[in-house]
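# with the sequence up front, the predicted model follows.
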Amino acid sequence: MNERLFQLGLHLTPGLGGVLIRHLIANFGTAQKVFEANFKSLIRVQGVGESIARVILNKVGLREAEIELTKLQQAGVQVYFFTDADYPQRFKSLYEAPVVLFGKGNIDLNKGHFVGIVGTRKATDYGKNITEQLIEGLAGKGITVVSGLAYGIDIMAHRACLKYQVPTIGVMATGIDIIYPGTHAKTAQEMQQQGGVLTEYPLGTKPDFMRFPARNRIIAGVTDAIVVVEAADKGGALITAEYANNYNRDVFAVPGNLTNSYSVGCNKLIRTHKAQIYTGVEDFLAALSWQEGKEFSKGEIVIPEHFTQEETQVVALLRKKGEMAIDDLTWESQIAPGKLANLLLNLELQGYVRSLPGKRFTLG
């Protein structure tokens, strides 16, 4: 049996959530060793009681995983476990990140910049035009657009990406074999040539109201920035914006007509300082320091001999990744958050590191 089977087995074990699976992996090293552990070893893990230990020992999830893995392979579905190098690094250190993601298509979840574009399901002509102009402006800039395959702004964003050859990923609240709504199945299929679809749910999972808010956290988690094009006073787009703010992502909102109910949410985000005002593609790219000619060049900075081991480690990480959120730097460096903040400030004062919007850092 390979490790992937045991990873899926944990994911499909009743009673095991993402946090508990992380604790188990941290304690035993691999998913396989979790299933090989004895009762006494399992109940020593924080959060694992006697009932959960027995469920793991009964290997219910492992038996289901054998069937699921065969189906996934036959369907050409890629599995991203949180310990994999190709799991989205932006999301990896966040408490709410799923331990497993399923993807289909031509997807690289860590290449270039990622922008989430979300909005109302009842898009106006204004919203549709803004969405198309934004996508057209992102073409050829190494940016992937992420949305939720829903009616309105979401599907407009995906279709504009196909039109302008911008990579795009649709995050689903169903199994990867069930496109919802069904009328968007053709678009989802076309997207797999220059992006694809992504979900945390096993094959056969049908749409359920409670899964859609959870889906929105993935849109926020895998992206660098979110643009809310149109939104009413309540709805999924505002939930995505809330997640994005909690994850220290940059949030932008398109201002709208004061008499239009589908601009209320955007105007409120701007008024309450939960989003920057979106005024056009060039301003958007400039705010994120993503203009042409601003790409990071490896080898620009030579690490001085007087640097401490931790300073060297941080600079090496930024050299490798180009830019990183402070949460990701904390996770990968394993430096305490307070100490890392002081270290970054010191490096910035010396001109070796530059801070970016959204608590992100790059080399100076």
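Great, that's in hand. All values reported here derive from a predicted model rather than from experimental measurement.
# list the residues that contact the residue most central in space within the chain.
Among the residues of the chain, Val222 comes closest to the average C-alpha position under Cα atoms, centre = their mean, at 1.5 Å. Shown in contact with Val222 (Cβ atoms under 8 Å, 6 or more residues apart in numbering): 88, 90-91, 109, 114, 116, 146, 169, 171, 198. The way it works is simple: take the backbone N, C-alpha and C, and place the C-beta from them, glycine included.
# the lengthiest helix in the chain - contacts with which helices or strands?
If you go by DSSP state H, the chain has its longest helix at helix 60-75. If you count contacts as 3 or more Cβ pairs under 8 Å, 6 or more residues apart in numbering; DSSP states H and E, helix 60-75 packs onto helix 3-11.
# what pLDDT does the residue nearest to the centre of the chain get?
If you check Val222, the pLDDT there is 95.
# for it, which non-adjacent residue is spatially closest?
Once flanking residues are discounted, Val222 sits nearest to Pro88: 4.5 Å by Cβ to Cβ, 6 or more residues apart in numbering.
# so that neighbour makes contact with Phe82?
No: in this structure, Pro88 is not within contact of Phe82 by Cβ atoms under 8 Å, at 9.4 Å.
# which one's more surrounded, those two?
Higher neighbour count among Pro88 and Phe82: Pro88, with 23 against 19, using other Cβ atoms under 10 Å.
# sorry, back to before: quick one: the residue nearest to the centre of the chain from Thr13, how far?
According to Cβ to Cβ, to the nearest Å, Val222 stands 25 Å off from Thr13.
# one more: Leu329?
Distance of Leu329 to Thr13, given as Cβ to Cβ: 32 Å.
# what's stretch 342-358 in contact with?
Stretch 342-358 has contacts (Cβ under 8 Å, 6+ apart) with 224-225, 248-250, 287-289, 301, 310-311, 314-315, 318, 323, 325-326, 329, 335, 361-364.
# domain map for this structure?
3-73, 105-287, 309-363 (automatic domain parsing).
# same list, those domains, but as JSON lines with distance to Val99 please.
What follows is these, written out as JSON lines (distance: least, Cβ to Cβ, whole Å):
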{"stretch": "domain 3-73", "distance to Val99": "5"}
{"stretch": "domain 105-287", "distance to Val99": "9"}
{"stretch": "domain 309-363", "distance to Val99": "15"}
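# closest to Tyr95 out of those?
Comparison of the domains of the chain against Tyr95 by Cβ to Cβ identifies domain 3-73 as nearest, at 7.2 Å.
# pLDDT value on Ile178, please?
For Ile178, the model assigns a pLDDT of 96.
# now swap in Pro357 and tell me
The model reports Pro357 with a pLDDT of 76.
# and if you look at the one 4 residues further on?
In the prediction, the pLDDT value recorded for Phe361 is 88.
# Met324 is in contact with that one, correct?
Yes: here Phe361 reaches Met324: they are 6.0 Å apart, a contact under Cβ under 8 Å.
# coming back round to it: highest mean neighbour count out of the domains of the chain?
Most buried of the domains of the chain, by mean neighbour count (mean count of other Cβ atoms under 10 Å): domain 105-287, with a mean of 20.
# against Ile219, how distant is Pro255?
22 Å.
# same deal with Thr259?
To Ile219, Thr259 is 29 Å away according to Cβ to Cβ.
# element containing the nearest residue to Ile277 once chain neighbours are set aside, please.
Of all residues not flanking Ile277 in the chain, Ile270 sits nearest, at 5.2 Å (Cβ to Cβ, 6+ apart). Using DSSP states H and E, Ile270 falls within helix 264-271.
# what is that helix packed up against?
Where contact means 3+ Cβ pairs under 8 Å, 6+ apart, helix 264-271 is packed against strand 225-228, helix 236-246, strand 250-253.
# using JSON lines, please lay out the ones you listed together with mean pLDDT and distance to Lys186.
Listed next are these as JSON lines, based on pLDDT from 0 to 100; distance: least, Cβ to Cβ, whole Å:
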{"stretch": "strand 225-228", "mean pLDDT": "97", "distance to Lys186": "25"}
{"stretch": "helix 236-246", "mean pLDDT": "94", "distance to Lys186": "23"}
{"stretch": "strand 250-253", "mean pLDDT": "96", "distance to Lys186": "30"}
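# ok, Lys104 touching Val79?
No: Lys104 is beyond contact range of Val79, at 10.6 Å (criterion: Cβ under 8 Å).
# in contact with Thr174, which residues?
Counted by Cβ under 8 Å, 6+ apart, Thr174 has contacts 180, 199, 201, 205-207, 211.
# show me what the strand or helix carrying Asn129 is packed up against.
Counting by DSSP H and E, the element that carries Asn129 is helix 125-138. The criterion is 3+ Cβ pairs under 8 Å, 6+ apart, and the helices and strands that helix 125-138 contacts are strand 113-118, helix 153-164, helix 281-287.
# if we use 10 Å, what do you get?
If you count contacts as 3 or more Cβ pairs under 10 Å, 6 or more residues apart in numbering; DSSP states H and E, helix 125-138 packs onto strand 113-118, strand 143-147, helix 153-164, strand 225-228, helix 281-287.
# can I get the CA coordinates of that helix in CSV?
Provided in CSV are the C-alpha atoms of helix 125-138 (Å, rounded to 0.1, in the frame of the first residue of the first chain):
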residue,chain,number,x,y,z
ASP,A,125,-24.3,44.7,-17.0
TYR,A,126,-22.0,47.0,-15.0
GLY,A,127,-20.6,44.1,-13.0
LYS,A,128,-20.2,41.9,-16.1
ASN,A,129,-18.3,44.7,-17.9
ILE,A,130,-16.0,45.4,-14.9
THR,A,131,-15.3,41.6,-14.7
GLU,A,132,-14.4,41.3,-18.3
GLN,A,133,-12.2,44.4,-18.3
LEU,A,134,-10.3,43.1,-15.2
ILE,A,135,-9.7,39.7,-16.7
GLU,A,136,-8.5,41.3,-20.0
GLY,A,137,-6.1,43.4,-18.0
LEU,A,138,-4.7,40.4,-16.2
